[in-house]
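S.K.: Provide a 3D model corresponding to the input given below.
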Amino acid sequence: MHAFDRPATVDLSGEWDFATDPDDVGTAEHWYERDERLPDSRSVTVPHAWQEHGDLQEYTGVAWYRRTVTLDEVDDRVRLRFGAVDYRATVWVNGVEVGSNEGGYLPFAFDVTEAVVSGENVVTVRVTDPEDLREVPHGKQGYPWYTRVSGIWQSVDIAAVPETHIADLRVTPDLDADAARTDVDIANLGRDEDLRLRIRITQNGTTLGTDELPVESGTVSMVVSLADPAYWTPDDPELCDVELSLLTGDDKKDVERTGEESETVVDTLTDYFGMRSVSVEDGEWYLNGEVLRVRGALDQAYYPDTLYRPADLDTYREEIATAKALGFNMLRKHIKPAHPRFVELADRMGILVWEEPANADVDTETSRRRVREAFEDLVVRDYNSPSVVVWSLYNEEWGFGIDQHDFPDRDDPVRLWNDSEKQSYLADYYRDARELDPTRLVCDNSGWAHVATDLNDYHEYFVVPDRNEAWRDRLDELLSDPADNYAATGDGPAPEDVPTVVSEFGTWGLPELSSLRAHYDGDPDWFDHEFLSGLKHPKGVEKRFEGSALSDVYGGLDELAADWQRRAFASVAEVVADMRLEDGVSGYVLTELTDIEWEFNGVLDYLRREKSSTERFAAANGRTMVRLEPDARTLRAGERFVADLAVANDGPEPLETAIEWMAFGESGRESVRVDPAGTTRLDGAIDVRAPKTDERNGKEVVTETVTADLVDTDAHWESDITVVGEGEGRAGTCVFAPAGAEAVRSTLTDAGYDLQEEATDADTLVTTAFDERARAFATDGGHVVLLPRPDGSMADSVRDEFPIRDLPERESWNLCASFVYQTLLDGVDRVPGWAFEGLYPYAYVTPTADGDSVHGGYVEGWLSKPGATVLERDDGDGRVTVCTLRVTGSENRPVSEAVVRRLVG
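M.R.: The predicted structure is shown next:
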């Protein structure tokens, strides 16, 4: 049953006294007594996390809350209700201990009838949040992620209920029969009571069905047939209202016989549910029997000032509206239960929700028990919510297969891949979860090895176009062999029968620092958490910017942020389009909806504002999508530009419209029809001549934007196409490359150079090895250009002279948090995009030295480990240029040739 559906008698949100108890003396000193006062207390506003106070941000241990409340004399039972308290709470009323609770995310309540009095009452709460969270389900609060959260962080109130009352309602929709099964729990049922339960289900004021049964036990179950109910979908979030009445006295037949009514209402309760089904079959995901394509975002629900909840809960309304406007139809609430107000608004506004309990750090009997208990309580709280369609049991084995702070390889014996006991446990857990809630899908271990699951989901972090080829290879792999993502196969569906979902992916986009500082009136406290390091550590970012080559390229951090954000959304749009045009992919979940503290991979920043170029992503993420797919994104001047046009339609109806395109001054229009939840492609729909570069301002390299629009929709696509001319300045340039370095020699020849037979006849020596000849050549006044080997690696002899840091060649969260820029080619943006496809480096020089000239650079996160992809350094009377861009033998010949000409010239 939805939390707090029974109206509150008294709202206890608001001002409380608060005091920390670092020596844990409060219980011994009776701080809970009615006439005691909390020593050295301050006034706080509940809901409240004590980390909202700067001086308490690192505090762990015990704290106390206290307030008074005036109650009128009541005949009913009095229940004191808490939305959530992190982590352990012990509660006294008027000095009487009324109960305790463990668990930081879900509601609990105590019957305080015997403790309250008419008039003034004192409520005291002792909260313990231990420093050691290893066995505590806590999600991503604290090391090594975000600010910790402790205290009474959700609402508190008092509600009056009759002695015998309706305690719980679970509604299970049956769309095949247009019926709803209702299971109602009755509390404190007396032996001699003659009670009936009446149910009435309505939709938009119209009665769909009613029923009435005698109450013979503490649980009453009935199936109510419904007359033509509207089904709940994200587009039409139609809800059904349930009215329960617990009655005693004459039933309806007696009234008809005597004409008199003598029934008494013992208790009433209202709630809602939705007629909605979710299922999987033959690799497809279905909502209400129709194929579903999920366009989701990870939503970790952190807020700048109040952490686990917004200061105004209507912020959730704005977030859901924004998410829908951006094209999302799902939000994955990550590693902690969603706030109940969010879930209610998701039900009412229409967005799918994927939920999961918080994780611990280690796998013990205690941590397993706590995680399972939290999951079971979460199912109870949100059972009736139609928006919630997926449960996760674990995320990436955090706190189950591994410590969440470590990332061992697949062969590590503690991993789920290799531990049969863990595999058996998880398969049993999956079966228990499905039995507990048969109305939703269950994902056993999101993103990593599966055992028994309704979704075969993956977490894949590729930045595009930097690692486009690796990403495309990986996408082909996961679609061709779904069983490879299973450590074992339990009793769940077969791998080929469940949908494939990429439930995490994304690229980072630095936020506008000036806006953050304006909000916080300076640097935020989270800039300098003691556990932050490397790319996660914001403190000192301005100093790092000023000390790096970035400050020679950008006028300030906000200018850099705008480019970084454009790069992020260009990358994400491409990955989204790749997945949407693969029929084998049922959906995706982008990391993430908003930035969180230092982690700046949100579509929105931490202040919930759109970033630069958000609209480019939204145009690819809507219900319909159009995409340009060029045969080549770099051309030589005068070559033909040829591109396919592809369309995805996630809607339930066929799409019949047209595509309008523009390229190099020409335009066209193509009719298109796409089936529901389908895709189509128009091969070679665009075929035009790329201009001569002298037709474009006389530059050797120019970049043109080609576009496609899906008529009568918001779907729009743009691609930057780079056109390279023959170049100038090679005449009279004497270049030498060593014999045997065939890839280098071929690269130079393709760039238009006639190579010298002897190094002594050359001005420039181009090689992959910084050997004695190359060293001597530079010392004697020559120019040495050091290129990567054909596989993209840098030779050991180069590493001996320059500090080289290798970069991953495939999937990498760090690469997605990186930024690559260039000033080599005037006709290419500072962020080179597809112009550098196939050239992006597998290594770079870091750190650089004073006096170095950086023509291409790389940096991660909050400007961690800045360095150069193209570096020029004086050496004796000459100079050395190190280039880690993969120009040697690159298939991207037009741009690699232009880069080589720039390096040599």
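S.K.: Now Leu478. Nearest residue, chain neighbours left out?
M.R.: Among residues not flanking Leu478 along the chain, Tyr458 sits closest, at 5.7 Å (Cβ to Cβ, 6 or more residues apart in numbering). C-betas here are computed from N, CA, C, even on glycine.
S.K.: Just checking: what are the partner strands of the helix or strand that neighbour falls within?
M.R.: Using DSSP states H and E, Tyr458 maps to strand 456-459. Here strand 456-459 is paired, per DSSP bridges, with strand 500-504 (parallel).
S.K.: what comes into contact with the strand it pairs with?
M.R.: Contacts with strand 500-504, where a contact means Cβ atoms under 8 Å, 6 or more residues apart in numbering, come from 283, 285, 294, 296, 298, 332, 354, 443, 446-447, 455-461, 478-479, 482, 579, 584-589, 591.
S.K.: let's see it at 6 Å
M.R.: With Cβ atoms under 6 Å, 6 or more residues apart in numbering as the test, strand 500-504 has contacts from 446-447, 455-460, 584-589, 591.
S.K.: I'd like the next helix or strand past the strand holding Tyr458.
M.R.: Per DSSP H and E, the first helix or strand lying C-terminal to strand 456-459 is helix 468-480.
S.K.: And that next one, what's buried?
M.R.: 468-471, 474-475, 478 (16 or more other Cβ atoms under 10 Å).
S.K.: for Val291, phi and psi?
M.R.: phi -60, psi 130 (degrees, to the nearest 10).
S.K.: With Val899 instead?
M.R.: According to degrees, to the nearest 10, Val899 has phi -60, psi -50.
S.K.: ok, now which ones touch it?
M.R.: Applying Cβ under 6 Å, 6+ apart, we find Val899 in contact with 824, 887.
S.K.: I'd like the distance between it and Ser797.
M.R.: 22 Å (Cβ to Cβ, to the nearest Å).
S.K.: for His450, same thing?
M.R.: Applying Cβ to Cβ, the value for His450 to Ser797 is 46 Å.
S.K.: So for those two, which residue has more residues nearby?
M.R.: Taking other Cβ atoms under 10 Å, His450 and Ser797 do not tie; His450 has more neighbours (31 against 17).
S.K.: Skipping adjacent residues, who's closest to the more buried one in space?
M.R.: For His450, the spatially nearest residue (Cβ to Cβ, 6+ apart) is Tyr486, at 4.9 Å.
S.K.: and that neighbour, how many neighbours?
M.R.: Neighbour count for Tyr486, taken as other Cβ under 10 Å: 21.
S.K.: While we're on Ala743, how confident is the model there?
M.R.: pLDDT, Ala743: 89.
S.K.: For it, list the residues it contacts.
M.R.: Counting by Cβ under 6 Å, 6+ apart, Ala743 touches 790, 888-889.
S.K.: Does Ser563 belong to a helix, a strand or coil?
M.R.: No Ser there; residue 563 is Asp. Under DSSP: H, G, I helix; E, B strand; the rest coil, the three-state class of Asp563 is helix.
S.K.: Do I have it right that it meets Gly833?
M.R.: No: checked against Cβ atoms under 6 Å, the pair Asp563 and Gly833 is beyond contact range at 10.7 Å.
S.K.: re the thing from before, by neighbour count, sort out the buried ones in the contacts of strand 500-504.
M.R.: Among the contacts of strand 500-504, those classed as buried by 16+ other Cβ under 10 Å are 446-447, 455-460, 585-589, 591.
S.K.: before we move on, back to that, of all the contacts of strand 500-504, which two lie farthest apart?
M.R.: Largest separation among the contacts of strand 500-504 by Cβ to Cβ: Gly584 and Thr591, giving 21.3 Å.
S.K.: what residue is smack in the middle of this structure?
M.R.: Nearest to the geometric centre of the chain sits Leu298, at 2.5 Å (Cα atoms, centre = their mean).
S.K.: isn't Glu238 right next to Ala230, touching?
M.R.: Yes: look at Glu238 against Ala230 with Cβ under 6 Å: they come within range, at 3.9 Å.
S.K.: now, among the buried residues of helix 468-480, which is nearest to Arg77?
M.R.: When the buried residues of helix 468-480 are ranked by distance to Arg77 (Cβ to Cβ), Leu478 comes first, at 54.5 Å.
S.K.: Do a quick rundown of the helices in the stretch 451-600 of the chain.
M.R.: Along the stretch 451-600 of the chain, counting by DSSP state H, counting those that start in this stretch, helices occupy 468-480, 513-520, 541-546, 550-553, 557-580.
S.K.: From the contact counts, what lies against the helix or strand encompassing Arg348?
M.R.: Under the criterion of DSSP H and E, Arg348 resides in helix 340-349. For helix 340-349, the packing partners by 3 or more Cβ pairs under 6 Å, 6 or more residues apart in numbering; DSSP states H and E come out as helix 315-325.
S.K.: packing partners for the helix or strand just after the helix it packs on?
M.R.: As assigned by DSSP H and E, the chain's next helix or strand after helix 315-325 is strand 330-333. Applying 3+ Cβ pairs under 6 Å, 6+ apart, one finds that strand 330-333 makes contact with strand 294-299, strand 352-355.
S.K.: After the helix or strand bottoming out on mean pLDDT in the chain, heading C-terminal, what element do we hit next?
M.R.: Scoring the helices and strands of the chain by mean pLDDT, DSSP states H and E places helix 252-258 at the bottom, with a mean of 48. Once the chain leaves helix 252-258, the next helix or strand it forms, by DSSP H and E, is strand 264-273.
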